[in-house]
Each structure stands twice: as C-alpha cells, then as structure tokens.
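Novice: Next one to model:
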Amino acid sequence: MTAVRTTPATPPPRLPVRDKASALDRGWGGVSPMLTRLAAERATGVLVRERGTLHLADGKVVHAESPAAPGADVLLAAHGTLDADVWRQALAESVASTGGAGTGARRLTGAEVVHRAGRRLVAGGLLTAGALELCRLTALYDAAYFALAPSSTPGRFRYGTEDGPDEPAGVPREPDDPPGVPRPVPVADLERETLRRRDLLHRIWPDALPDEAPLTREHRPAPPPLPARRQAVLAHVDGVRTASQIARELGRPAFHTLVDIRRLVAAGVVSPRLAVSFTEPRPGPPGDGSLVGPVEPVDPHVTLLKRLRDALEAL
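Specialist: Alright, predicted model coming up:
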C-alpha cells in the first residue's frame, strides 16, 4: 500500500466516481447484457428467454410476448373497445391474405401479423390509430417486464425473421409507417422502464412470492377500505387463481395487477397460498428410520407475521 502525503495546499486525490449521466444514457442496468449487445449491433430476430420473447428489428424492440401477460387483443376486448371475434377475424385475414407460401416474397413475423391486423381494423373504422398504438405499447412493456425477469436458463437469439405469412401487397400503408413493422421501442427505454417497475414493486412489498403463487384472502375483523380497482382484484382471489390469471380475467395489464396485489398483501388482505402437505409423515431422530407422524397444520397468522418480519428486515 502506498501512502500519499498531502499538504494544506495539495488536496487528496479524488476517488473515482461512476458517471451517472452516461450510465443513464446507456439505459442498461444489468437487466439483460445479451439484449444490450443485440441493440448495439442492430440485430434483427427473436430473443427467447425463460419467461417470454422479444422481437427485435434493427436493434429495437417491436413486439414482446409472455405467458404471464395478456396480449393486446385481451386488452382491446376487455372493456368493449373491440369485440374478440372481430380481432380474431382480422388476424385470420392477415394470415390468409397472400395465399400460398411459395411466392418468394419476404415472410412476415408474428409481430408484423399482429400489427397488420390492427391496421386493418383502423382502416375499417373499427379502431382508432391512437387506441391501437396505446394498447400495443401497453402490451409490449407489460410482456417485456416478465420476459426480462431474472431467469435460471440463458436466453437464445434467433437471427432473421421467423416463419409467418407472406406480406400482403394490396394493403395500403400508413404515412411514416414502415411496411409491416410497428414503431420500435429503444432497448435503453425498455430496460429503464423495467428497472423502474421492479423498484416500484419492491417499495410496495419486497417479497415476490405473490407474483406467481395462488392467492388467498386473509379474513380480518376490520378490513381496511379499498378503492374500486383493488376491490375488483380482491373479488377474483379464491385460493386458486394467480396474478396473471386475474389480470386476464379483468382484461388488465399483468404488471398493473401485480401492483394492486402487492398493495393488498401489504395491507394484510391477501396472501400467497403456500403448498403445504398436511399428511406427509415427519422423520424421527436420525438413524432410527422411524416416522413420528403427520405434519402439524401451520397457523396462517404465524405465517403472516413471519412474512412481515422478513419484509421489514429486507427494507
């Protein structure tokens, strides 16, 4: 170790400090180094991760899918904006509009098919362009949040476009809209929003168990007053449904539903249902090979107190 002598006229050397401005411009906070590299090389293809997929065009995200998040069709049809049968018909027309697959034309990706179906509805006066774009971006950010969640398996990237229907030649194109490709989202913006959402959920309730486990109600003698939005979520809590299933039934983005559920958990109204076996025999002292008896049921109030303790310690 080298000692540095200083005098009143010579201040000590400054410690290295990370440039926060440049880090913010990069937008990467360790969400997905692979996605950051693909954005830097302006790659086109599909990034497949454990909990979802991201469709890239020239290094930007144009579409996202996740089993945990409802798609744009569910969000559009949830509150009467669009009939579900009308959306399915538009998708079928987009797929069947080019006929055979041997024409040699470039084949569309699944993201382009969804986008083209939406444009058909806009052209037919069944949907406004603003409602389509708002719903598409809502579904994209929602699915991307789950697709970029920490995973136990590495992601894989498939370059190029996936198999899909041939690009229709007779569909009119909208001004300033690239043919067949929706307006992209920069990876930096997507990763910043993903980190913001993670931080929001952590501040509400630091335990992520309610995000995936079946949810059950906690019966309290004097439950706190709840806004109508959370009452609708609570009405679907039955000990079987998960947050994603509740989001689909309500026609809401899955992340917004997670926010309501974590607030309900923090208020002590809802808790995740743990899979506990009440009949599994308990082993006796080591070495005798005997079984003592069935496991005693766990008091749910004790479980809630333990979760509260763990949450407070994690703050």
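Novice: contacts, neighbours, all on C-alpha from now
Specialist: Fine.
Novice: how about the strands in this protein?
Specialist: Assigned strands in the chain, in chain order: 45-49, 52-57, 60-65, 156-159, 215-217, 270-272, 281-283, 291-294 (criterion: DSSP state E).
Novice: Mind listing what's buried along the fourth one?
Specialist: Along strand 156-159, these residues count as buried under the neighbour rule (16 or more other Cα atoms under 10 Å): residue 157.
Novice: Output that strand as PDB, restricted to C-alpha atoms.
Specialist: Listed in PDB are the C-alpha atoms of strand 156-159, where the atom choice follows Å, rounded to 0.1, in the frame of the first residue of the first chain:
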ATOM      1  CA  ARG A 156     -31.000 -17.600 -27.100                       C
ATOM      2  CA  PHE A 157     -31.400 -15.300 -30.100                       C
ATOM      3  CA  ARG A 158     -32.600 -16.400 -33.500                       C
ATOM      4  CA  TYR A 159     -31.400 -14.100 -36.200                       C
END
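Novice: Buried deepest among the strands of the chain, which one?
Specialist: strand 60-65 (a mean of 26; mean count of other Cα atoms under 10 Å).
Novice: on contacts alone, who are the packing partners of that strand?
Specialist: strand 52-57, helix 129-147 (3 or more Cα pairs under 8 Å, 6 or more residues apart in numbering; DSSP states H and E).
Novice: Check which helices and strands the longest one sits against.
Specialist: When you say that, I think you mean helix 129-147. So helix 129-147, by 3+ Cα pairs under 8 Å, 6+ apart, packs with strand 52-57, strand 60-65, helix 72-78, helix 110-123, helix 187-204, helix 254-266.
Novice: thought residue 114 was touching residue 91?
Specialist: Yes - at 6.7 Å, residue 114 counts as touching residue 91 under the criterion of Cα atoms under 8 Å.
Novice: neighbour count winner among those two?
Specialist: Using other Cα atoms under 10 Å as the criterion, residue 114 and residue 91 rank with residue 114 on top: 23 against 20.
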